[in-house]
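1. Show me the folded form of this:
(one chain, ligands or ions: 3)
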Amino acid sequence: MSSITQGSYPPVLQDAERERLVQVVKDWTVAHGLTVRPPPAIAGNDAEGILATSAPVTLFPSPFPKSCFEEAKAIQTTYNELYALISQDEEFLTEMVKEVAGGDEFIANLWNVHLRVKKEGYVQNLALGLFRSDYMVHQDDASLQIKQVEFNTIASSFGGLSTQTSRLHKHLAQHEYPLLSSSASATNLDLPSNDSAAGLAAGLRAAFDAYGPSTLGHPTCVLFLTQSGERNVFDQRHLEYALSSSGSVPVFRLPFSEILTHTTIASTPTRQLLYTLPSNPSLVFEVAVVYLRAGYGPGDYPTQEAWEARYQIERSNAVCCPTVLTQLAGMKKVQQVLATPEESNTNSVPSALAKFMSPESEKTHRLLKTFTNIYPLDTSPSGLHARSLATSPTQCQKYVMKPQREGGGNNFYRSAIPEQLKTIPEEHWNSFILMEIIEPPALANSILRSGKVEQGGVICELGVYGTCLWDQRNGEVKFNEEAGYLLRTKGDKSEEGGVAAGYGCMDSVALV
Ligand code: ADP
Ligand code: MG
Ligand code: MG
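-> Ligands and ions are numbered 1, 2, ... in the order given. This next block holds a predicted model:
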């Protein structure tokens, strides 16, 4: 495996070799569902909705330090436990929401859904998290270290496509790379297996089983709440197929905008969520698990009715993945507070982290090592320091400013920070956090996107999936697993890395 570090990887391709590889990847991706629905420019001519196209993908798996990969996987169940604990700490989340809600109506509205359900009493105590913790490799002198970009608690995507990407690269390593004229560096690649689709499905399955049979005599089901016009539908389908084949679990997809049309709450004290199959209204299912692949941003809530729909889900007896509280636990504000040490002792374990995890434990210290500097933009001493960094034309170059949003395309980078702050009333600056930009070591690769090969410097972001089922009332953790990984790669000139947002592409790791 040392060959990969010698600068000759990925191998240089002759034109004919590149053409062959591109053809193989085009066909393999479609044949194995490593696909997305086409972008609007192409989909405009697809009135029947029959077209699918290859997801953007690298021609070679990117080199990734083995120690970093193994550490990220090893600490995932600890991260799962931490976020399950945060979700249960309503007092802590109240504080977090208070910090940001003034300048953030979306968060305020989400919080309101929780308060309404709390008032009448939650009927379901179980909560399910399908999480993804994202990292970049940071080079510190001689040592390489994973640094957390963010922790996702809602709609963590690409687990379905990720398994297929690992398989694609294994296929290429076995059948294609050996045919290259300069193949030496691409033989004997260390390509770990990646069971993200099965792993995430296992989490959904655990919640489905824990829900048990309907007491109303209906068949039970899992309901995927989706966005209308979702292009990343095959990623979701892979999870559905893995789940439904794991012992005949009925799985349905329902657009978030149609919740109130096709679901009702039973008029019983347990408030079961009932789903009427639109294609055959005589079939009524009791929803055991609601899996949100929508509802994470304001775009899904254009009207008050959409908030009523979210309220209907939250107050029902279905196990929510995620609940509103779990969604809020994923706020960038929470990540910042966990990572910000006390002014008085910057070497101590931040008190917010110590609230949830023993400051002496090895686990805590392993998580701490993955934190990078994140600051509030409030009027605390640390916030004032961050404000001076954010408004300085030179200092701001090292930072990214983030609002409490998910799904990519919401952050402000470097010079854009002071400009953006000028447009926001100062009393609302605390709705954002300021984070140091992680700069991973330079790598090269080729990305196949829309049939064209883009070659050059790339930046990789590793995501590790985790599944966790717990009882919100007594904290009992019923299921806690690490569930495979995602590697996303983007051109090194691009700030954002989201595949769905059109910036990044699918990749897999070649461990070095
Ligand atoms: P979202 O929840 O919208 O995905 P992220 O915090 O993951 O928001 O930011 C989006 C992208 O921006 C990331 O995938 C990454 O490419 C880039 N990014 C975010 N934070 C950092 C950081 N601290 N250092 C380097 N890149 C970052
Ligand atoms: Mg996110
Ligand atoms: Mg992200």
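2. and the one residue in the stretch 351-500 of the chain that gets nearest to ligand 1, helix, strand or coil?
-> Residue nearest to ligand 1 within the stretch 351-500 of the chain: Gly497 (2.9 Å; CB to the nearest ligand atom). (Each C-beta comes from the backbone N, C-alpha and C, glycine too.) Using DSSP: H, G, I helix; E, B strand; the rest coil, the structure places Gly497 in coil.
3. got the buried residues for the helix or strand encompassing Met96?
-> Met96 is part of helix 90-101 when elements are defined by DSSP states H and E. By neighbour count with 16 or more other CB atoms under 10 Å, helix 90-101 contains the buried residues Phe92, Leu93, Met96, Val97, Glu99, Val100, Ala101.
4. Mind picking the two most distant members of these?
-> Phe92 and Ala101 (14.6 Å; CB to CB).
5. show me the contacts for the closest residue to ligand 1 within the stretch 201-350 of the chain.
-> The nearest approach of the stretch 201-350 of the chain to ligand 1 comes at Lys332, 6.6 Å away (CB to the nearest ligand atom). By CB atoms under 8 Å, 6 or more residues apart in numbering, the contact list for Lys332 reads Glu150, Ile374, Lys402, Pro403, Gln404, Ile433, Met435.
6. Which one of these is nearest to ligand 2?
-> Glu150 (4.9 Å; CB to the ion).
7. roughly how far apart are that closest one and Lys402?
-> Distance of Glu150 to Lys402, computed by CB to CB, to the nearest Å: 8 Å.
8. Check Ile424 too.
-> 13 Å.
9. So which of the two has more stuff around it?
-> Lys402 (23 against 14; other CB atoms under 10 Å).
10. need the contact list for the residue of the stretch 351-500 of the chain closest to ligand 1.
-> Gly408, Ile459, Glu461, Arg488, Thr489, Lys490, Tyr503, Gly504.
11. Just send those residues back as a markdown table, with secondary structure too.
-> Shown next, in a markdown table, are these (three-state DSSP):
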| residue | secondary structure |
| --- | --- |
| Gly408 | coil |
| Ile459 | strand |
| Glu461 | strand |
| Arg488 | strand |
| Thr489 | strand |
| Lys490 | strand |
| Tyr503 | coil |
| Gly504 | strand |
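12. what number of residues lie near Val12?
-> Neighbours around Val12, by other CB under 10 Å: 12.
13. Ok, the one 5 residues further on next?
-> Applying the criterion other CB under 10 Å, we find 17 residues in the vicinity of Glu17.
14. go on, Glu105?
-> 12.
15. now do Tyr413
-> Close neighbours of Tyr413, defined as other CB under 10 Å, add up to 16.
16. So what does it have for phi and psi?
-> Dihedral pair for Tyr413: phi -110, psi 140, per degrees, to the nearest 10.
17. distance of it from ligand 2?
-> With distances taken as CB to the ion, to the nearest Å, Tyr413 is found 16 Å from ligand 2.
18. which residues sit in contact with that residue?
-> For Tyr413, the contact set (CB under 8 Å, 6+ apart) comprises Val400, Met401, Ile437, Glu495.
19. cool, Leu260 as well?
-> Glu305, Glu308, Ala309, Gln312 are the contacts of Leu260 under CB under 8 Å, 6+ apart.
20. Tell me the bridge partners for the residue of the stretch 51-200 of the chain found nearest ligand 2.
-> Nearest to ligand 2, among the residues of the stretch 51-200 of the chain, is Asn152, at 4.4 Å (CB to the ion). Beta-bridge partners recorded for Asn152 (DSSP bridges): Arg132.
21. Restricted to strands, list the contacts of Tyr413.
-> Secondary structure of the contacts of Tyr413 is defined by DSSP state E; positions in strands are Val400, Met401.
22. Any of the contacts of Tyr413 buried? List them.
-> Using 16+ other CB under 10 Å, the buried members of the contacts of Tyr413 are Val400, Met401.
23. got the residues of the chain near ligand 1?
-> By CB under 6 Å from any ligand atom, the residues of the chain that approach ligand 1 are 134, 136, 149-150, 400, 402, 405-408, 410-411, 435-438, 461, 496-498.
24. repeat that for 5 Å
-> Selection of the chain residues close to ligand 1 by CB under 5 Å from any ligand atom yields Val149, Glu150, Val400, Glu406, Gly408, Met435, Ile437, Ile438, Glu496, Gly497.
25. of the residues you listed, buried ones?
-> For the residues of the chain next to ligand 1, buried by 16+ other CB under 10 Å: Val149, Glu150, Val400, Glu406, Gly408, Met435, Ile438, Gly497.
26. In those, find the pair that's most separated.
-> Going by CB to CB, the pair spanning these furthest: Glu406 and Ile438, at 18.9 Å.
27. and the contacts of Tyr413 near ligand 2, which?
-> Among the contacts of Tyr413, no residue is within reach of ligand 2 (CB under 5 Å from the ion).
28. Of the contacts of Tyr413, which one scores lowest on pLDDT?
-> Among the contacts of Tyr413, Glu495 carries the lowest pLDDT, at 77.
29. which non-adjacent residue is nearest the closest residue to ligand 1 within the stretch 51-200 of the chain?
-> Going by CB to the nearest ligand atom, ligand 1 is nearest to Glu150 of the stretch 51-200 of the chain, at 3.9 Å. In this structure, Glu150 finds its nearest non-sequential neighbour in Asp134, 5.4 Å apart by CB to CB, 6 or more residues apart in numbering.
30. Kindly report the same for His218.
-> Nearest residue to His218, sequence neighbours excluded (CB to CB, 6+ apart): Glu286, at 4.2 Å.
31. now the one you found, what's its secondary structure?
-> Under three-state DSSP, Glu286 comes out as strand.
32. which element follows the least confident helix or strand in the chain by mean pLDDT toward the C-terminus?
-> Of all helical and strand segments in the chain, the minimum by mean pLDDT, DSSP states H and E falls on helix 40-43, at a mean of 79. Counting by DSSP H and E, the next helix or strand C-terminal to helix 40-43 is strand 53-54.
33. Who are the packing partners of that next one?
-> Packing partners of strand 53-54 (3 or more CB pairs under 8 Å, 6 or more residues apart in numbering; DSSP states H and E): helix 15-31, strand 35-36.
34. Many thanks, I have nothing further to ask.
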